[in-house]
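# One predicted model, sequence on top.
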Amino acid sequence: MSSQIQLEQTFTQWLTTERGRAPRTALEYIADMRQFRAHLDATTMPALEWTDVKARDIRGFLVTLKNASPHRVGRVVSSLRTWFTY
């Protein structure tokens, strides 16, 4: 099993058991995290490790959401904040 999949599974478990998030919310957070990971992989060379992500990387990703609804952008910000807190 890849380390990314293991991270996703433990993050999902943490969200639902420790943080009390609904399973659907956990799935949406994982989808946001995957989209951000894809953005990082496409825009950074070499691809960044999670521990090397800087605020500018997050801002660059949020710019790509300029046509998204305010609700979606807010959820993505919450997803990323929660992910980096985890």
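Everything's here; your move.
# all contacts plus neighbour counts: C-alpha atoms, from now on.
Will do.
# Just give the number of residues close to residue 64.
10 (other C-alpha atoms under 10 Å).
# what about residue 82, which helix or strand?
helix 70-85 (DSSP states H and E).
# Which elements pack onto that helix?
helix 23-43 (3 or more C-alpha pairs under 8 Å, 6 or more residues apart in numbering; DSSP states H and E).
# So what angle separates the directions of the following helix or strand past the helix it packs on and helix 23-43?
Following helix 23-43 in sequence order, the next helix or strand is helix 55-63 (DSSP H and E). Relative orientation of helix 55-63 versus helix 23-43 (axes from the mean of the first three to the mean of the last three C-alpha atoms, to 10 degrees): 110 degrees.
# what does helix 55-63 rub up against?
Residues outside helix 55-63 that contact it (C-alpha atoms under 8 Å, 6 or more residues apart in numbering): 36, 39, 40, 73.
# Out of those residues, who's the most crowded?
Ranking those using other C-alpha under 10 Å puts residue 40 first, with 21 neighbours.
# shouldn't it be in contact with residue 49?
No: if you go by C-alpha atoms under 8 Å, residue 40 and residue 49 don't touch, sitting 9.2 Å apart.
# remind me which residues of the chain are low pLDDT?
For the chain, the stretches flagged by pLDDT under 70 are 1.
# picking up where we left off before, buried set for the helix holding residue 82?
73, 75, 76, 77, 79, 80, 83 (16 or more other C-alpha atoms under 10 Å).
# nearest to residue 13, of these?
Taking C-alpha to C-alpha as the measure, residue 13 lies nearest residue 83 of the buried residues of helix 70-85, at 12.5 Å.
# for that closest one, what are its contacts?
11, 33.
# let's see it at 10 Å
8, 11, 15, 29, 30, 32, 33, 50, 77 (C-alpha atoms under 10 Å, 6 or more residues apart in numbering).
# Find the helix or strand that the first one is a member of.
The one in question is residue 8. Going by DSSP H and E, residue 8 is in helix 3-13.
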